[in-house]
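> Below is the sequence, then the predicted model.
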Amino acid sequence: MKNSKKLSLDGLMRLFIYVALITLAVSIIVPVAWVFLASIKQNKEFYESPWALPEGIHLANFAEAFQEAQMGEYLLNSVLVTAMALIILLVVALPAAYVLSRFEFRGNRFINGMVKAGLFINVSYIAVPIFLMLLDWDTGLRTIVGSEFLLNNRFMLALIYASTALPFTIYLLSSYFKTLPSDFEEAAGIDGAGYYRTMFSVMFPMAAPSIVIVILFNFLLFWNEYILALTLMPAEHQTLPVGLLNLMAAERSAVNYGPMYAGMVIVMLPTLILYILVQKRLTQGMTVGGVKG
């Protein structure tokens, strides 16, 4: 009797999990699929039956989004800013996380505490202070060299992106490095490897699943970031989220929905492609940890 009751409870729990997962999948897939289908519709189809399948493939929406709304320029800016931000972030965060998690030295606890404190800083709260600081520095540079440098600068935006993502990235990587056994470091030391070679040749490859998670998470963060991009790039070199908002405002006022949804697809597509490419490594990173020796 107890076994049958336990089996029935397990079956109900399994059914609940399946229903919840299917509901979650449908709630994600249906809106994304609808945006993709809407991006290839002609404008008249939205008035006739917005939920019907497209009558054909109307790729002119993408051409209009790229040419008239300059989505191609926005896309290039987003690619450059995101790539530079990821490179800066990994160059700084990987060695910092390794040292903070594997070595004991004076000030280690203080630095770790400051990193954890940075987790509670919301980027939207510091956007205006960062803008005012860069504006003051630009004013000083204008009096010295006669030109501005810090605002409307893609490298500066990438640097600020990387800086704001450092606390979470160092915290995540440190947590992973702490789970790795010290046997590998000891073996590398016996073979004559120094600290740098051990870090680059042994520890970083072992932390590859965690690094993939960091890259994917921060790519999504940088690619979709809007507040800093709008605040620090008021004139040119604006990124895709800002360009998409401009496109949506222009096409909505013109009652032209096809290019608006085409712009949404342009923003979403790189994220979907990257997720498909790293899906296996992402799953490994979330389920596989180091084996403690």
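Here it is on my side, so go on.

> hey, let's count contacts and neighbours off CA atoms from now on
OK.

> low-scoring pLDDT stretches of the protein, where are they?
When residues are selected by pLDDT under 70, those of the chain lie in 1-7, 9, 50, 146-148, 235, 250-255, 281-293.

> Please enumerate the helices of it.
Assigned by DSSP state H, the chain shows helices spanning 2-38, 43-48, 60-67, 71-102, 108-118, 123-145, 154-179, 183-190, 195-198, 204-206, 208-224, 227-232, 240-253, 257-287.

> For P54, which of those is the nearest?
helix 2-38 (6.6 Å; C-alpha to C-alpha).

> quick one: that closest one to helix 60-67, angle?
Counting by axes from the mean of the first three to the mean of the last three C-alpha atoms, to 10 degrees, helix 2-38 points 70 degrees away from the direction of helix 60-67.

> buried stuff in helix 2-38?
V35, F36, L37, A38 (16 or more other C-alpha atoms under 10 Å).

> With stretch 82-99 instead?
Quick answer for stretch 82-99 (16+ other C-alpha under 10 Å): 82-86, 88-90, 93-99.

> and stretch 59-78, how far out from the chain's middle?
21 Å (C-alpha atoms, centre = their mean, to the nearest Å).

> CA atoms only for it, dumped as CSV, please.
C-alpha atoms of stretch 59-78 as CSV (Å, rounded to 0.1, in the frame of the first residue of the first chain):
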residue,chain,number,x,y,z
LEU,A,59,12.5,39.8,-47.3
ALA,A,60,12.1,43.5,-48.2
ASN,A,61,11.4,44.1,-44.6
PHE,A,62,15.0,43.2,-43.7
ALA,A,63,16.4,45.3,-46.6
GLU,A,64,14.3,48.3,-45.4
ALA,A,65,15.5,47.8,-41.8
PHE,A,66,19.1,47.7,-42.8
GLN,A,67,19.0,50.5,-45.3
GLU,A,68,16.5,53.1,-44.1
ALA,A,69,16.9,52.4,-40.3
GLN,A,70,20.7,51.8,-40.5
MET,A,71,20.4,48.5,-38.6
GLY,A,72,23.5,47.3,-40.3
GLU,A,73,25.6,50.1,-38.6
TYR,A,74,23.9,49.4,-35.3
LEU,A,75,24.7,45.7,-35.7
LEU,A,76,28.4,46.4,-36.4
ASN,A,77,28.6,48.7,-33.4
SER,A,78,27.0,46.0,-31.1
